[in-house]
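Q: Predicted model, plus sequence, below.
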Amino acid sequence: MRGRPNLYTSYESESSLLPTGTQKVMTALLLTVAVLLPFNLPIINQLPFIRFVGDADWIRLLIQAVIFAIAALGINLLSGVAGQVSLGHAFFMGVGAYAAVMLGGASSANLWGWGLPMWIWLPGAGVCSALVGIIISPTAVKLRGLYLGIVTIGLVFIGVHLSRVLPKVSGGAEVGRDFPALEFRFWKETDPFIDFDSDGHWLWFDIGKNAKTYLFCLAVLVVLTIASKNIIRTRTGRAFQSIRDRDVAAEVMGVPEARYKMIAFACSSFFAGIAGALFACFVGKLPPETWDLILSVEFIAIILIGGAGTTSGALMGAFFVVLMPRVVEEIAFWMGGQAQSDGSLSGVWDFFVSLGPDDGGIISIQNLAPGFALPVSALDEVIYGVLIVAFLLFEPLGLFGIWVKIRNYWKRWPFSY
Amino acid sequence: MMLTTLLAISAGESFVQTTAKALALGSLYAIVALGFVLVFKATQTVNFAQGALALAGAWFTSLLLVDWDVPGRWFGDAKYLTWITAILAGAGLTAALGLLIERSIIRKMIGEPLFSVAVITLGIEVVIRTVTTDAVGVNSRALNIPWGLDGFRVGAAFIPWGYVACIITAALAFVAMFFFFRSRLGIAMRAVAYDQEAAMAQGISVGKVFAVAWGASAALAAVAGVVGSAAPLGSGIVSVSITGLAFRALPAVILGGLDSVNGALAGGLVIGGAEVYSGEYLSGYTSTLGVGYQLIVPYLVMLIVLLVRPYGLFGTPEIRRV
């Protein structure tokens, strides 16, 4: 049996977390790199791309990607695995964020908050969000497909409006309030035993404040990834999939539709709540308009670009969508630099880059570009839209599908079929 | 002009004024909803790019009118003729954009999950919205509305001509639809909406129906964009916020039922009415309800109606088989 990776002799081995040896090795390697990334270790900081990512500037983006990956796992459970179209994921993230700030935030004359420690407010955020998800879930039984998607759009608008009605929770429209800092306390003592807003020294490593936050979020992500994998590969996940594939048939086979839709909403919004709380507390201060439709669409884009219904796809998609704009920016500024220089190819770059109001070219490296040239921020948006379209057109299984194709190619090599 | 509108008006006249606004906004929503319904009938999916297409249409019209002066150079002083021709030409350009999208992207998605197609339109929306927003730019872009901000008076109630224009446009659009669905092509579209494969087997060109639906809905969006910028949503210049029109009109589409033309009209008027009347008559409670509560009212109405009638007021329930 050894050396035949696709031969399974029991259901346990087939549905185990990491069925093949290669996957175990790859996951271990990936995790090691992910953990060591912020440490500036002698060998790792020489690897070209990783050194790039480990910069203090990039690591904040990486933290955001990790947090978005948590939320993406949630929407993947609901829309990818259980097939319930939801454009309301940002709403559930917002619920999580405001549950966190209610439980953990500082109270003042016009703001509510109980100032509890993180080990209460972080799970609390997830649970509150899950409860709201359970309240919403009966709509999913009543409504199907696009109707459900549009109702969840309504949820986002209603959520943003609620923040205006309840300024004591949200801190007021377009202003927001300070979210609790990420720090470990036993109770309300003044000095936290681990804080995430100053540099520190752990064992024999120096560790920056961003690196600490990153490792903490990574730990949450790992735990929740395993949880999500376990949900998908057990009875609950199979029920989700049967509802996705044909809800009537699922019911005929004895899968209680309403109950499993409720569970799907609860799980999904739990993940969203945790991610929302982490994101808000990581950024520090956010206006309630953050949790809008654009954010929801971003999560749909993440799972579709990554590959709907697959856990690794959701993770890949989150990192791709969050890091991509920054890569585009770097490339655009590099092109701008080349165009301004007097190298032999500067004319080529100048063709694409507009350096001033009278210069042709489709990309502008200035922020407020007069004329038609797209500023870099708009270029990000356009590429993001084009990516959504391109992935759905050419690779409906997303990054995961591309990965499967590459894997199968090398598995069969040198035979083409 | 503005000063006189601030003079005290009686409750009845205020009601007339509010009703006119409700009708105008409702008509605007109905036009956009009609675009949604057309695309849904042909392709079974929702085109979220309607709002972006509306902005594109307004931008095209403004380009034609102001920058290029295309119809104006032939018609000279005939203000209304110039303006209407420019709108039609702008709608034509937008329709061409819609056709391009349909032919290059949507046509290739036949047979894919409907949700994927809906998300593709979200991607298209992002692209068109970003590019047109950048093109419209920070400077206000005129639309040369022939009546400006003028209107007429019923007693002390002031009704801008823009409201009348909205209502007339919607009326024209729905009358045109009435005849369209009785024409050969319209019947073909109804057949496609009923069953794509069966329609194809009858010799109907499904591709042509797709193209017509997308072209027509893009043109409707463009007209809504211009007329909406003129009165209920803007003040006569191309406003970037017109991209939100699609999401503001969604409750109207859902309320009426995604596949019903009559539903689009009814839904548009009900939602427009709900928004405007609640904005007018509950304004005393703004401190409790929150600023801008009237924009949420449509979604609340939609939620309540959907929980009672899951396929809207006039929508066809989906028959679910194993």
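A: Perfect, thanks for sending it.
Q: If you count contacts, what does the strand or helix carrying residue A:168 end up packed against?
A: In the assignment (DSSP states H and E), residue A:168 maps to helix A:167-170. Here helix A:167-170 touches helix A:89-104, helix A:145-165, going by 3 or more C-beta pairs under 8 Å, 6 or more residues apart in numbering or on different chains; DSSP states H and E. To be clear about C-beta, it is placed using only N, CA and C from the backbone, and glycine gets the same treatment.
Q: For chain B, which of those helices is the nearest?
A: Between chain B and the helices and strands packed on helix A:167-170, the tightest spacing by C-beta to the nearest C-beta is seen for helix A:145-165, at 3.7 Å.
Q: Can you pull out the low-pLDDT segments for the stretch 201-350 of chain A?
A: Low-confidence segments of the stretch 201-350 of chain A (pLDDT under 70): A:202-205.
Q: who's in contact with residue B:30?
A: Contact partners of residue B:30, counting by C-beta atoms under 8 Å, 6 or more residues apart in numbering or on different chains, are B:170, B:173, B:174, B:252, B:264, B:265, B:267, B:268, B:269, B:272.
Q: Number of residues surrounding the fifth one?
A: A count of nearby residues for residue B:264, using other C-beta atoms under 10 Å in any protein chain shown, gives 34.
Q: Now do the strands in the stretch 101-250 of chain B.
A: B:141-142, B:151-154, B:157-160, B:237-238 (DSSP state E, counting those that start in this stretch).
Q: so can I have CSV of these showing mean neighbour count, mean pLDDT and distance to chain A?
A: Listed next are these as CSV, based on neighbours: other C-beta atoms under 10 Å in any protein chain shown; pLDDT from 0 to 100; distance: least, C-beta to the nearest C-beta, whole Å:
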stretch, mean neighbour count, mean pLDDT, distance to chain A
strand B:141-142, 16, 80, 13
strand B:151-154, 14, 82, 31
strand B:157-160, 21, 85, 27
strand B:237-238, 22, 81, 15
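Q: mind checking which of these is nearest residue A:220?
A: Set against residue A:220 and scored by C-beta to C-beta, these come closest in strand B:237-238, at 45.5 Å.
Q: Not counting the closest one itself, show me its contacts.
A: By C-beta under 8 Å, 6+ apart, strand B:237-238 touches B:55, B:58, B:59, B:62, B:136, B:140, B:141, B:142, B:143, B:229.
Q: go again using 10 Å as the cut-off
A: Strand B:237-238 has contacts (C-beta atoms under 10 Å, 6 or more residues apart in numbering or on different chains) with B:55, B:57-63, B:66, B:132, B:135-137, B:139-145, B:225-226, B:229-230.
Q: Which elements pack onto the next helix or strand after the helix holding residue A:168?
A: As assigned by DSSP H and E, the chain's next helix or strand after helix A:167-170 is strand A:177-178. Where contact means 3 or more C-beta pairs under 10 Å, 6 or more residues apart in numbering or on different chains; DSSP states H and E, strand A:177-178 is packed against helix A:89-104, helix A:167-170, helix A:257-283, strand A:285-286.
Q: Now do the buried residues in the third one.
A: Judged by neighbour count using 16 or more other C-beta atoms under 10 Å in any protein chain shown, the buried positions of helix A:257-283 are A:257, A:260-283.
Q: and that helix, does that touch chain B?
A: No: against chain B, helix A:257-283 shows no contacts by C-beta under 10 Å from any C-beta of the partner chain, the least distance being 11.3 Å.
Q: one step back: right, and the helices and strands packed on strand A:177-178 - which one's nearest residue B:243?
A: Closest among the helices and strands packed on strand A:177-178, using C-beta to C-beta: helix A:89-104, at 18.0 Å.
Q: Show me how far the following helix or strand past the closest one is from its chain's centre.
A: Using DSSP H and E, the helix or strand that follows helix A:89-104 in sequence is helix A:118-142. Relative to its chain's centre, helix A:118-142 lies at 18 Å (C-alpha atoms, centre = their mean, to the nearest Å).
Q: before we move on, the earlier item: just the buried members of the contacts of strand B:237-238?
A: Counted by 16+ other C-beta under 10 Å, those give B:55, B:57-63, B:132, B:135-137, B:141, B:143-145, B:225-226, B:229-230 as buried.
Q: So residue B:209 sits against residue B:184, correct?
A: No: using C-beta atoms under 10 Å, residue B:209 is not in contact with residue B:184; the gap is 11.1 Å.
Q: Residue 258: what's it in contact with?
A: Picking chain A for this. Contacts for residue A:258 (C-beta under 10 Å, 6+ apart) come out as A:137, A:138, A:140, A:141, A:142, A:251.
Q: ah, I was thinking of chain B
A: By C-beta under 10 Å, 6+ apart, the contact set of residue B:258 is A:145-147, A:150, B:33, B:36-37, B:39-41, B:44-46, B:264, B:267, B:311-312, B:314-316.
Q: Kind regards, and thank you for your time.
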